[in-house]
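1. Sequence and predicted model, in that order:
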Amino acid sequence: MDAIQKIKPLGFPWETSDPFLFCAYHEDLYPAGNDQLGPDASLQGRNLGQDFIEKDGFRMYHGTSVPGFPAHPHRGFETVTIVQKGLVDHSDSLGAAGRFGNGDVQWMTAGSGVQHSEMFPLLNKNDKNPFLLFQIWLNLPKKSKFVAPHFKMLWHEDIPIVTKQDTNGLKTTVTLIAGTLNGVTAPDSAPDSWASDPNNNVAIWTVVMEPGATFTLPTTSQSTSQSLYFFKGGELVTEGFTIPAGHRIITNPSVPLTLVNGAIESHFLLLQGNPINEPVVQQGPFVMNTRAEISEAITTYQKTDFGGWPWPKYDHVHAAEKGRFALYPDGNLTEKES
């Protein structure tokens, strides 16, 4: 049985398999920031509000003065937001807020419905502000689609890293956002997540391979979906294929897959999980099981705004002097060193 099922080029967003819905990958080299925490650069020539085409090394996305995604609703699924570089300012309709990044992860269960904004404040006024983010949409099973909204922080200080050394002493480093490797287990996910049950075999890893390093993915059940996203590097040799960066490798997880990296450092995202195997009906930010449930979600949002918007602006950002923090709906506050 072959260890690789398919090799596909990466598009935008990245295609995923059940239980995941998709993965958005954003990498921008923002310039120095201004007093409003936006780019200290001209925004002329941009389609502000819908700026998804890279210009001068960056995009504003749906932001008009600060890059990012102003208030928007979700229902019926989860977002797992991995910020490898830069910062995200979170605000939501429950009154919760946060600033996280530079290795932190936010795990948010939209459940019955929530509005949130995700803005990218440019705090460095004297140099460039590099930014790299993955946002993974993870589905919820029918039984959990109407749970109360919830968000959890996985601070980078608490996320385990496993380093594997090959016979030549070359290293592969695996950061465990979900799942287990070599007896090391990631922090707990949000409590109502498909990932919260270990029987669902969910794994979310970021992987870095040194030049020339060899690494073998551990095997798991054949019924599990597993994809390796090769998003940065040169090329990879595996199973007789030479694969350049910018490709998704859909594996047969029951067969060992040995990766041999090329001449430069390579970066990957691994997504794995047992399928939910339920109907998926999606319309924009709503993911339900039936078209009727989608119609009901739209009606409820129009009537309630999922709790309204308690912040001064839809593209709300926190004060420049704030460090990393999380303010939860119950008023609990966690503050971290910047």
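-> Ah, there it is. These figures come from a predicted structure and were not determined experimentally. Residues are numbered from 1 along each chain as shown.
2. When you work out contacts or count neighbours from here on, use the C-alpha atoms and nothing else.
-> Noted.
3. Which secondary structure element is home to the most centrally placed residue in the chain?
-> When the chain is reduced to its mean C-alpha position, the nearest residue by Cα atoms, centre = their mean turns out to be Gln135, at 2.5 Å. Using DSSP states H and E, Gln135 sits in strand 129-139.
4. by contact count, what packs against that strand?
-> The elements that strand 129-139 packs onto, with contact taken as 3 or more Cα pairs under 8 Å, 6 or more residues apart in numbering; DSSP states H and E, are strand 20-30, strand 77-85.
5. which of those sits most buried?
-> Highest mean neighbour count among those (mean count of other Cα atoms under 10 Å): strand 77-85, with a mean of 23.
6. distance between the next helix or strand after it and the chain's centre?
-> With elements assigned by DSSP H and E, the helix or strand that comes after strand 77-85 is strand 87-92. The chain centroid and the centroid of strand 87-92 are separated by 14 Å, computed with Cα atoms, centre = their mean, to the nearest Å.
7. Tell me the helices and strands packed up against strand 87-92.
-> strand 97-101, strand 114-119.
8. Now do the helices in the stretch 151-300 of the chain.
-> Taking DSSP state H, counting those that start in this stretch, the helices of the stretch 151-300 of the chain run over residues 291-304.
9. Give me the pLDDT for the nearest residue to Tyr30 once chain neighbours are set aside.
-> Nearest residue to Tyr30, sequence neighbours excluded (Cα to Cα, 6 or more residues apart in numbering): Asn129, at 4.8 Å. At Asn129, the pLDDT value in this model is 98.
10. so what's Asn129 up against?
-> Leu29, Tyr30, Pro31, Ala32, Gly33, Gly86, Leu122, Leu123 (Cα atoms under 8 Å, 6 or more residues apart in numbering).
11. got a list of what the residue nearest to the centre of the chain touches?
-> Gln135 makes contact with Cys23, Ala24, Tyr25, Thr79, Val80, Thr81, Ile82 under the criterion Cα under 8 Å, 6+ apart.
12. could those go into JSON lines alongside distance to Ile249 and pLDDT?
-> Shown next, in JSON lines, are the contacts of Gln135 (distance: Cα to Cα, whole Å; pLDDT from 0 to 100):
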{"residue": "Cys23", "distance to Ile249": "14", "pLDDT": "98"}
{"residue": "Ala24", "distance to Ile249": "17", "pLDDT": "98"}
{"residue": "Tyr25", "distance to Ile249": "16", "pLDDT": "98"}
{"residue": "Thr79", "distance to Ile249": "22", "pLDDT": "98"}
{"residue": "Val80", "distance to Ile249": "21", "pLDDT": "98"}
{"residue": "Thr81", "distance to Ile249": "22", "pLDDT": "98"}
{"residue": "Ile82", "distance to Ile249": "20", "pLDDT": "98"}
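13. picking up where we left off before, got a markdown table for the helices and strands packed on strand 87-92, with mean pLDDT and mean neighbour count too?
-> Putting these into a markdown table (pLDDT from 0 to 100; neighbours: other Cα atoms under 10 Å) gives the following:
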| stretch | mean pLDDT | mean neighbour count |
| --- | --- | --- |
| strand 97-101 | 98 | 25 |
| strand 114-119 | 98 | 25 |
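14. Distance check, the residue nearest to the centre of the chain against Thr79.
-> Going from Gln135 to Thr79 by Cα to Cα, to the nearest Å gives 6 Å.
15. Quick check: Ala24 vs Asp92, distance?
-> Ala24 is 20 Å from Asp92, by Cα to Cα.
16. coming back round to it: and of the helices and strands packed on strand 87-92, who's closest to Gly169?
-> strand 97-101 (30.9 Å; Cα to Cα).
17. now for that closest one, which elements pack on it?
-> Strand 97-101 makes packing contacts with strand 77-85, strand 87-92, strand 325-327 when contacts are defined by 3+ Cα pairs under 8 Å, 6+ apart.
18. Would you agree Lys125 is in contact with Gln36?
-> No - checked against Cα atoms under 8 Å, the pair Lys125 and Gln36 is beyond contact range at 10.5 Å.
19. So which of the helices and strands packed on strand 87-92 is nearest Ile250?
-> Ranking those by proximity to Ile250 (Cα to Cα) places strand 97-101 first, at 28.7 Å.
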